[in-house]
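>>> quick one, fold the following:
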Amino acid sequence: MAASLMMTGDAAAVVRARGHGGHGGGGGHHAARGELRGMWMATVTNRDWPSKPGLTAARQKAELITYLDTAVARKLNAVVLQVRPTADALWPSPYEPWAQCLTGTQGKDPGWDPLGTAVREAHARGLELHAWFNPYRVATHADPSRLSAKHPARVHPDWVLPYGGKLYYNPGLPEVRKFVQDAMLDAVKRYDIDAVHWDDYFYPYPVAGQTFKDDAAYERYGGAFANKAAWRRDNTDRLVRETADRIKKIKKDVRFGISPFGVWRNIATDPAGSDTRAGVQTYDDLHADTRKWVQKGWIDYIAPQLYWNIGFAAADYAKLLRWWDGVVRGTGVDLYIGEALYKAGDPAQPAAWQDPAELSRHLTLAKKYPGVHGHCYFSGKEVGTDPIGAMTRVVKDHYGKRAPLRGGTG
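Numbers count the residues shown, from 1 in each chain. Okay, here's the model as predicted:
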């Protein structure tokens, strides 16, 4: 869920470096809400939490509580917790094994219920808990034998495709689309979560020289489409639309949000696109028509990852902010901006990110756009450690007092 940028001479390309480990639906009944101040908590590869696999249940819970208390101290009001990082679960799921990030062994019971505890403890602090799921990623490696013995990907090897050194469920199979929905919606049924949240992973990010081998599924199911790309986009559309409908049938007040890569299409590709020169376009490369989902009202909020500084040549934060504000106008879909807190102070990043005030300027700029209803920070670790004080500056400049989205003791 993090974008990195590589410059080659004058040509700037936006490419993907690493994942967030790498958000009819709500149309017509979107309720007015306050400002969202969120932070992502990534569990894949133990990016944020737990700090390492194999900690005791008590230690895992203590670390979780520390993150929630940090969110309160930073005057945030929502935590976006990754609860299905690699087709495994941070709750006792009847569909999928316990997550590897907890014990180090996929399928091993950690001795407590992380999602249930997170919901309860977040709400006690006046924080919303958005459950973040990754629909199709099965593993960050390509060896099915390393998955737990009862993993659905081993039970149904025909569902899985290796690509770029990782394993993915094939989005083109209707039975896969139904299964991943069932697995995610189990958490909606069982817990008082405030939202279902997806990040930017749909079809995998392109890997040079590699082919996503879904020809057989395309031959079987793609007859109505002009080409494979159109069929793939329809598969992603179906996942979004079906999930939106099913969430509202289970609990009408649970919101559905998606946090895509920040560029839908470049203007050179499509006149409706943004004034950017990004190396990745979600519509073309991830087969995710993020703009359409907003226009159709299938989702309640969109949180594009605008992980670039103001003035960045290939993808200017300011230009993308204006473009996304235009996309949500009149739709009733809330726009939250994904902010690259993790870049602040990183010496590998452009000079703008060495300035502790860069992120604060983002929020100042966003106040000019009525469609922007909040910001979400990647990621939890940096919200706490705040290497150069960028988060402290945001809080000082913009978060004068707490603004809970829900009641609680906070």
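>>> tell me who's in contact with residue 100.
Shown here is residue 100, whose contacts under the criterion Cβ atoms under 8 Å, 6 or more residues apart in numbering are 53, 86, 88, 106. Using the backbone N, CA and C atoms, a C-beta is placed for each residue, glycine as well.
>>> and residue 220, how far from residue 248?
30 Å (Cβ to Cβ, to the nearest Å).
>>> more neighbours, these two?
Under the neighbour definition other Cβ atoms under 10 Å, residue 220 and residue 248 were set side by side, and residue 248 has more, 18 against 11.
>>> one step back: from the contacts of residue 100, pick the one nearest residue 194.
Residue 194 lies nearest to residue 88 out of these, by Cβ to Cβ, at 22.3 Å.
>>> what's the per-residue pLDDT of the nearest residue to that closest one once chain neighbours are set aside here?
Leaving aside its sequence neighbours, residue 88 sits nearest to residue 99 (Cβ to Cβ, 6 or more residues apart in numbering; 4.2 Å). Among the per-residue scores, residue 99 shows a pLDDT of 98.
>>> same check on the one 4 residues further on?
You'll see residue 103 listed with a pLDDT of 98.
>>> what of the one 4 residues further on?
Predicted confidence (pLDDT) for residue 107: 98.
>>> is it correct that residue 244 falls within a strand?
No. Secondary structure assignment (DSSP: H, G, I helix; E, B strand; the rest coil) places residue 244 in helix, not in a strand.
>>> so how far is residue 254 from it?
In this view, residue 244 and residue 254 are 10 Å apart by Cβ to Cβ.
>>> can you check residue 101 too?
Counting by Cβ to Cβ, the separation of residue 101 from residue 254 is 24 Å.
>>> run through who's touching stretch 293-304.
When contacts are taken as Cβ under 8 Å, 6+ apart, the neighbours of stretch 293-304 outside the stretch itself are 23-28, 30, 36, 38, 195, 237, 240-241, 244, 255-262, 290, 320, 324, 327-328, 331-338, 373, 376.
>>> so residue 337 touches residue 362, yeah?
Yes. Checked against Cβ atoms under 8 Å, the pair residue 337 and residue 362 is within contact range at 7.2 Å.
>>> the more surrounded of the two?
Legend: neighbour count by other Cβ under 10 Å for residue 337 and residue 362, higher for residue 337 (29 against 22).
>>> can you pull the contacts of that one?
Contact partners of residue 337, counting by Cβ under 8 Å, 6+ apart, are 303, 304, 306, 321, 324, 362, 366, 372, 374, 375, 376.
>>> repeat the analysis, applying 7 Å as the threshold.
303, 304, 306, 321, 366, 372, 375 (Cβ atoms under 7 Å, 6 or more residues apart in numbering).
>>> try residue 312
Under the criterion of Cβ under 7 Å, 6+ apart, the contact partners of residue 312 comprise residue 350.
>>> now do the SS call for it.
Reduced to three states with three-state DSSP, the structure at residue 312 is coil.
>>> and the gap between it and residue 360?
Residue 312 sits 17 Å away from residue 360, going by Cβ to Cβ.
>>> and what of residue 336?
Relative to residue 360, residue 336 is positioned 17 Å away (Cβ to Cβ).
>>> those two: who's more crowded?
Neighbours were tallied for residue 336 and for residue 360 using other Cβ under 10 Å; the higher tally belongs to residue 336 (25 against 19).
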